[in-house]
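S.K.: Below: sequence and its predicted model.
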Amino acid sequence: METESPDADTGEGARRLATTTRPSDARRGRGATANPTGRFETISREIFDDGWEAVAPAPLRTMVTAERARSLITRNTSPDISFDRSINPYRGCEHGCVYCFARPNHAYVGLSPGLDFETRLFHKPDAVKLLTSELSAPAYRPATIALGTATDPYQPIEREHRLTRGILEVLGRFRHPVGIVTKSNLVVRDLDLLTDLARDDLVKVAVSVTTLDPDLARRLEPRAPHPKKRLEAIERLSAAGIPVMVIAAPVIPSLNDHEIEAILTAARERGAREANHVLLRLPLELDALVDDWFAEHYPGRRAHVMSLVRQARGGRAYDATYGRRMVGAGAYADLIVRRMRLARRRLGYPEERLKLRTDLFVRPTAQLSLF
């Protein structure tokens, strides 16, 4: 049963989430253990057993809603990332990765960063039309577009909506550079488009591999493809001449940090040419969500993990300072950076990052489309 109370509090820790934790049967196959009220809401909901619900709760189902966006390309001025524009065709992500730093964004649409983030999804049906219009504007100047920076462009609903494929078709016609970030082997469905772009140095794909342990992967990211499938995707992309980066992300202290070298080795053996990492990020509600997840899945490691996270974040759960938010700071964070550097050198990863071309950009015309 749910009850409502005013003045939602967004305090930290699993004590806050205990009142919003769903029964495990209802959230089978989901990553988050709770559905806390978004930080902008004035009413909070609490779940408790009043003795009337003897029947097992129905499993949570995925709901997909159309989002009418005014534009598709999002701009940023962040000095610590390599792109100034990005596209996310979907809001929310069914992969259910409990650690996803994009979860707090769901609060902007009045939903929870918890279970709502992976069950209440949005798609942008006008994506192709919007992108064509924005790239056709006379004032537009090309630079690499990052596709999938917040939510995965190849999450399960892409099989039906095919927005990512449509976006790639538009970018191909405009000969526009694109960098893709995904943890799904569905990316190989678009080998035809990616191969065409790769011939002109217009694409590279970053594949996120969190762990090689299937049991841990199932707990951390329950609806994301098996680690083996991601490695197979790296191999197929590389064999097709598409440059691939492997991202060991997120690195979670005392949980998967021992796998860094193994992940980079497996990816290099399958053709990856670049490697990077991201330290666990816990902005806003994500701190309490991950803490609650540890309380259920790895209670014995919970305090140690959170202690190491705070050591790498200046004593806090998260430090958003540019230059530190991705990799942290301090002894533990520095150790991870050194291990990454040594592993890349030992495995023969090139030091120089591939730069995509912008000089081939063209605005197709109706006349040109006839030939």
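M.R.: Yep, it's here.

S.K.: Now do the strands in the stretch 101-250 of the chain.
M.R.: Using DSSP state E, counting those that start in this stretch, the strands of the stretch 101-250 of the chain run over 120-123, 145-147, 178-182, 203-208, 244-251.

S.K.: Any chance of TSV for those, columns mean pLDDT and mean neighbour count?
M.R.: (C-beta placed from N, C-alpha, C; glycine too.) Formatted as TSV, those follow (pLDDT from 0 to 100; neighbours: other Cβ atoms under 10 Å):
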stretch	mean pLDDT	mean neighbour count
strand 120-123	97	20
strand 145-147	97	23
strand 178-182	98	24
strand 203-208	98	24
strand 244-251	98	24
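
S.K.: So which of those strands is nearest Ile260?
M.R.: strand 244-251 (5.4 Å; Cβ to Cβ).

S.K.: Can you tell me the strand partners of the closest one and which way each runs?
M.R.: strand 203-208 (parallel), strand 274-279 (parallel) (DSSP bridges).

S.K.: Let me see the mean pLDDT of the last one.
M.R.: Strand 274-279 comes out with an average pLDDT of 97.

S.K.: Could I get the full set of helices for the stretch 101-250 of the chain?
M.R.: 115-119, 127-136, 158-161, 163-174, 191-198, 214-220, 227-239 (DSSP state H, counting those that start in this stretch).

S.K.: how big is the angle separating the second one from helix 163-174?
M.R.: Which is helix 127-136. 30 degrees (axes from the mean of the first three to the mean of the last three Cα atoms, to 10 degrees).

S.K.: Give me the buried positions along helix 127-136.
M.R.: For helix 127-136, the neighbour count (16 or more other Cβ atoms under 10 Å) marks Ala127, Val128, Leu130, Leu131, Thr132, Leu135 as buried.

S.K.: can you redo those residues as JSON lines with distance to Ala272?
M.R.: What follows is the buried residues of helix 127-136, written out as JSON lines (distance: Cβ to Cβ, whole Å):
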{"residue": "Ala127", "distance to Ala272": "29"}
{"residue": "Val128", "distance to Ala272": "30"}
{"residue": "Leu130", "distance to Ala272": "32"}
{"residue": "Leu131", "distance to Ala272": "28"}
{"residue": "Thr132", "distance to Ala272": "32"}
{"residue": "Leu135", "distance to Ala272": "30"}
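
S.K.: I'd like the residues you listed laid out as JSON lines, including distance to Ser238 and pLDDT.
M.R.: Shown next, in JSON lines, are the buried residues of helix 127-136 (distance: Cβ to Cβ, whole Å; pLDDT from 0 to 100):
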{"residue": "Ala127", "distance to Ser238": "28", "pLDDT": "97"}
{"residue": "Val128", "distance to Ser238": "28", "pLDDT": "97"}
{"residue": "Leu130", "distance to Ser238": "32", "pLDDT": "97"}
{"residue": "Leu131", "distance to Ser238": "27", "pLDDT": "98"}
{"residue": "Thr132", "distance to Ser238": "30", "pLDDT": "97"}
{"residue": "Leu135", "distance to Ser238": "28", "pLDDT": "98"}
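
S.K.: nearest residue to the most centrally placed residue in the chain other than its sequence neighbours?
M.R.: Nearest to the geometric centre of the chain sits Thr151, at 4.6 Å (Cα atoms, centre = their mean). Distances taken as Cβ to Cβ, 6 or more residues apart in numbering place Cys93 nearest to Thr151, at 4.1 Å, with adjacent residues excluded.
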